[in-house]
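Colleague: after the sequence you'll find the predicted model.
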Amino acid sequence: MAPPEHEICARWLEAGGRVGMAILLATFVVYALGLLPALVAPQDLIELWKLPAERFVAATGAPTGWAWAGLLDKGDYVNMIGIAALTSVTALACAAIVPRLWRDGRRLQAACALLQVVVLVAAASGIV
């Protein structure tokens with residue numbers, strides 16, 4: 001039988017994965033049906049995808065870093081919500097087991113799990 005923290009982590013990963021995939025599906029439908037205007041017209045993508053990243057950004061005005069969050073009214077950027085949700089699941093799962101580990105007297109493991117959360121959040125924030 002798996003330790004309780006493994007089951008807690010697995011539940012968070014499963015639920016987060018399902019929610020993230022549902023968001024990705026919903027936002028893809030929004031994009032595919034053209035329910036929101038796109039920053040970059042789909043017909044232009046074939047030529048633009050050939051460009052190096054720097055030239056793509058310059059040609060399209062595409063955001064870098066977390067600037068995509070300001071473009072959630074664009075069909076081609078709204079799907080970033082699902083991507084952000086999926087990528088945050090691991091940090092949430094690690095955070096979810098910290099109280100259990102602490103309560104069970106496994107302070108070092110709790111600290112390591114919390115440190116993992118800090119590293120993941122710092123990496124995602126762009127600070128590092």
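Modeller: Structure's in. What do you need?

Colleague: distance check, the residue nearest in space to the middle of the chain against W66.
Modeller: What sits nearest the mean C-alpha location of the chain, by C-alpha atoms, centre = their mean, is A84, with 2.0 Å. Counting by C-beta to C-beta, to the nearest Å, the gap from A84 to W66 is 9 Å. All C-beta atoms are positioned from the backbone trio N, CA, C, and that covers glycine.

Colleague: and the longest helix seen in the chain, which residues are buried?
Modeller: Longest helix in the chain by number of residues (criterion: DSSP state H): helix 4-32. Using 16 or more other C-beta atoms under 10 Å as the test for burial, helix 4-32 gives E5, I8, C9, W12, G16, G20, I23, L24, T27, Y31.

Colleague: name the nearest of the residues you listed relative to S88.
Modeller: Using C-beta to C-beta, G16 comes nearest to S88 of the buried residues of helix 4-32, at 7.5 Å.

Colleague: contacts only, for S88.
Modeller: Contacts of S88 were listed using C-beta atoms under 8 Å, 6 or more residues apart in numbering, and they are G16, A124.

Colleague: meant to ask about E14, not that
Modeller: Per C-beta under 8 Å, 6+ apart, neighbours of E14: none.

Colleague: ok so, going back, distance from the longest helix of the chain to the middle of the chain?
Modeller: Using C-alpha atoms, centre = their mean, to the nearest Å, the distance from the centre of helix 4-32 to the centre of the chain it belongs to is 10 Å.
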